[in-house]
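*Asks:* after the sequence you'll find the predicted model.
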Amino acid sequence: MIDTISKLKEYLASEKKLYLGKSILQQIKHMILGTEEYHLWKYVRYLRMMEYHHNTKHVLRYLYFQRKKNNQGNKVGISTWMNNFGQNVHFWHGTNFVNGEAKIGYNCQLHGMNCIGNKGDFDLDAPTIGNNVDIGVGAKIIGKIYIADDVKIGANAVVTKSCYDKGAVLVGVPARKIK
């Protein structure tokens with residue numbers, strides 16, 4: 001949870017490098033060209049600013065950044081809520097939907113067209129996902145389940161059961177472990 005200015009700066013600095021590169025020239029290039037990475041970075045930046053101001057009870061700034069995040073999210077097709085993600089979340093492409101109750105660890109990657117949410121039957125139970133999880137294009141993770149650290153979820157997999165095995169590879173509909 002981002003609740004100090006130093007933690008906010010740490011998150012923003014590491015995630016900016018993740019999306020735009022380490023050198024100033026790379027970052028300027030992304031900004032000038034208006035690349036997808038730049039727009040995804042703007043979304044993550046607004047998300048982190050919103051989280052910080054919510055967690056520190058700065059209501060007007062929280063509402064301002066929530067609006068900025070929502071507008072940028074509409075542009076790139078991402079819908080998330082605050083305090084879902086650990087540090088260094090990486091959206092490779094847009095069209096990702098994450099339930100407000102989901103918890104996702106650090107260094108997780110979402111490759112686009114992902115849905116992380118509840119079963120849709122008016123329960124709020126959502127997944128808990130460990131650290132260093134790589135979620136392939138079109139993968140869905142649904143229900144009150146747990147995904148261990150270092151798991152790879154294949155493209156278009158539908159995960160509806162917990163996976164407690166670190167480093168597992170899940171594929172298929174419904175997802176099954178192959179490694």
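*Replies:* It's in. Numbers count the residues shown, from 1 in each chain.
*Asks:* and the gap between Asp3 and Arg67?
*Replies:* 21 Å (Cβ to Cβ, to the nearest Å). Where you see a C-beta, it was placed from the backbone N, CA and C, and this is true even at glycine.
*Asks:* contacting residues around the most centrally placed residue in the chain?
*Replies:* In the chain, the centroid-proximal residue (Cα atoms, centre = their mean) is Val89; its distance is 5.0 Å. Neighbour list for Val89: 15, 44, 104, 106, 108-110 [criterion: Cβ atoms under 8 Å, 6 or more residues apart in numbering].
*Asks:* by neighbour count, which of those residues wins?
*Replies:* Ranked by the number of neighbours (other Cβ atoms under 10 Å), those place Leu110 first, at 27 neighbours.
*Asks:* for that residue, which residues are in contact?
*Replies:* 89-92, 96, 135 are the contacts of Leu110 under Cβ under 8 Å, 6+ apart.
*Asks:* bridge partners for it, pull those for me.
*Replies:* Beta-bridge pairing of Leu110 under DSSP bridges involves Phe91, Ile135.
*Asks:* against Tyr52, how distant is it?
*Replies:* Distance of Leu110 to Tyr52, computed by Cβ to Cβ: 22 Å.
*Asks:* buried ones in stretch 29-49?
*Replies:* Residues 30, 37-49 are the ones in stretch 29-49 that count as buried (16 or more other Cβ atoms under 10 Å).
*Asks:* for stretch 132-147, that is, sorry about that
*Replies:* So stretch 132-147, judged by 16+ other Cβ under 10 Å, has buried residues 132-143, 145, 147.
*Asks:* phi first, then psi, for the residue in the chain sticking out farthest from the centre.
*Replies:* Ranked by distance from the centre of the chain (Cα atoms, centre = their mean), the top residue is Leu25, with 26.0 Å. The phi and psi values for Leu25, taken as degrees, to the nearest 10, are phi -60, psi -40.
*Asks:* check Cys108 too.
*Replies:* phi -90, psi 150.
*Asks:* how close does it sit to Ser6?
*Replies:* 23 Å.
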